[in-house]
Each structure stands twice: as C-alpha cells, then as structure tokens.
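Novice: Structure of the sequence below:
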Amino acid sequence: KFAGATTLSTTGKIIAPPLHVTRTVLLPALWEATVDAVSSATPQRAKDWFKIVSSSAKHVTQVLKDTPKGKAFRNKVATVGADVVDCVSSDASRQVLLDIMASTVKLSEALHTP
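Specialist: Residues are numbered from 1 along each chain as shown. From the prediction side, this is the model:
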C-alpha cells in the first residue's frame with residue numbers, strides 16, 4: 001500500500017480505486033473525518049458565530065429570491081454590475097489600479113516587508 005492506494009508487487013505501479021468506490025466509500029469517509037476534525041478543533045464561540053452567519057445568509061437569500069422587491073433589487077444590481085465593469089475596464093481606471101499596485105509594492109519595499 002502507498003498513500004491509501006494498492007500497488008502491484010511486481011511493477012510497483014499505483015492502482016487507483018474504481019470511481020464508484022471513490023464516490024461511495026472514500027469521499028464520504030474523508031468528508032466525515034474532515035467534519036469531525038474541524039468540529040473538534042473549532043471553539044464553541046466560532047461554531048455559534050457560524051450558525052448565526054449561515055442563518056442570516058439563508059434568510060437574505062430567501063428574501064432576494066422570493067419577494068418582488070428582491071427581484072427588483074437583483075435587476076438593479078445586475079445593471080450596476082454591468083456599469084461597474086464598464087468603468088473598471090476603462091483606460092483611466094486601469095492606470096489607477098496599476099499606480100495603486102506599484103505604490104503598494106514600493107511602500108512594502110520601503111518598509112522591508114515581503
């Protein structure tokens with residue numbers, strides 16, 4: 001065995017598990033192990049905070065999807081998003097972004113930070 005895969009003893013080549021085994025056995029086991037590890041390492045305050053944030057995100061999503069005002073808001077955001085893309089893609093905006101990046105690099109060099 002090498003890294004969880006079986007090797008042929010005569011050639012030493014790694015044999016990958018079949019796709020259905022990966023989907024039904026390996027991935028669920030990896031997911032459960034990851035969830036257990038994260039759950040045991042996460043403090044209770046962080047767990048509570050994530051519950052609040054996920055609940056709030058779910059409610060905002062429901063309001064934006066299911067109400068007429070949410071639909072109007074989505075349409076306005078799409079219009080504004082297209083306008084923002086037009087503004088950012090202009091030559092003047094591109095030059096401003098390049099100047100900001102160059103200034104940031106020079107400032108970090110002056111402060112001797114990576």
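
Novice: quick one: low-confidence parts of the protein?
Specialist: 1-16, 113-114 (pLDDT under 70).

Novice: Spatially central residue for it, please.
Specialist: Ser54 (14.8 Å; CA atoms, centre = their mean).

Novice: tell me the SS of that residue?
Specialist: helix (DSSP: H, G, I helix; E, B strand; the rest coil).

Novice: What of Pro17?
Specialist: coil.

Novice: looking at it, it is touching Leu26, isn't it?
Specialist: Yes. Pro17 lies in contact with Leu26 (CB atoms under 8 Å); the separation is 6.5 Å. No exception for glycine: its C-beta is placed from N, CA and C like everyone else's.

Novice: so where do the helices sit in the protein?
Specialist: Secondary structure of the chain (DSSP state H): helices located at 19-21, 27-41, 44-66, 68-88, 91-110.

Novice: Can you tell me what sits against the shortest one?
Specialist: Where contact means CB atoms under 8 Å, 6 or more residues apart in numbering, no residue beyond helix 19-21 reaches it.

Novice: quick check, distance from it to the centre of its chain.
Specialist: 26 Å (CA atoms, centre = their mean, to the nearest Å).

Novice: for stretch 80-93, the distance to its chain's centre please.
Specialist: Using CA atoms, centre = their mean, the offset of stretch 80-93 from its chain centre is 25 Å.

Novice: same check, this time on stretch 38-53
Specialist: 18 Å.

Novice: and that stretch, C-alpha only, in PDB?
Specialist: The C-alpha trace of stretch 38-53 is given here as PDB (Å, rounded to 0.1, in the frame of the first residue of the first chain):
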ATOM      1  CA  VAL A  38     -12.900  20.700  12.200                       C
ATOM      2  CA  SER A  39     -15.700  20.300  14.700                       C
ATOM      3  CA  SER A  40     -13.400  19.100  17.400                       C
ATOM      4  CA  ALA A  41     -10.800  21.900  16.700                       C
ATOM      5  CA  THR A  42     -13.300  24.800  16.500                       C
ATOM      6  CA  PRO A  43     -14.200  26.700  19.600                       C
ATOM      7  CA  GLN A  44     -17.800  27.000  20.700                       C
ATOM      8  CA  ARG A  45     -18.000  30.700  20.000                       C
ATOM      9  CA  ALA A  46     -16.900  30.200  16.400                       C
ATOM     10  CA  LYS A  47     -19.500  27.500  16.000                       C
ATOM     11  CA  ASP A  48     -22.200  29.800  17.300                       C
ATOM     12  CA  TRP A  49     -21.000  32.600  15.100                       C
ATOM     13  CA  PHE A  50     -21.100  30.400  12.000                       C
ATOM     14  CA  LYS A  51     -24.600  29.300  12.900                       C
ATOM     15  CA  ILE A  52     -25.700  32.900  13.100                       C
ATOM     16  CA  VAL A  53     -24.000  33.900   9.900                       C
END
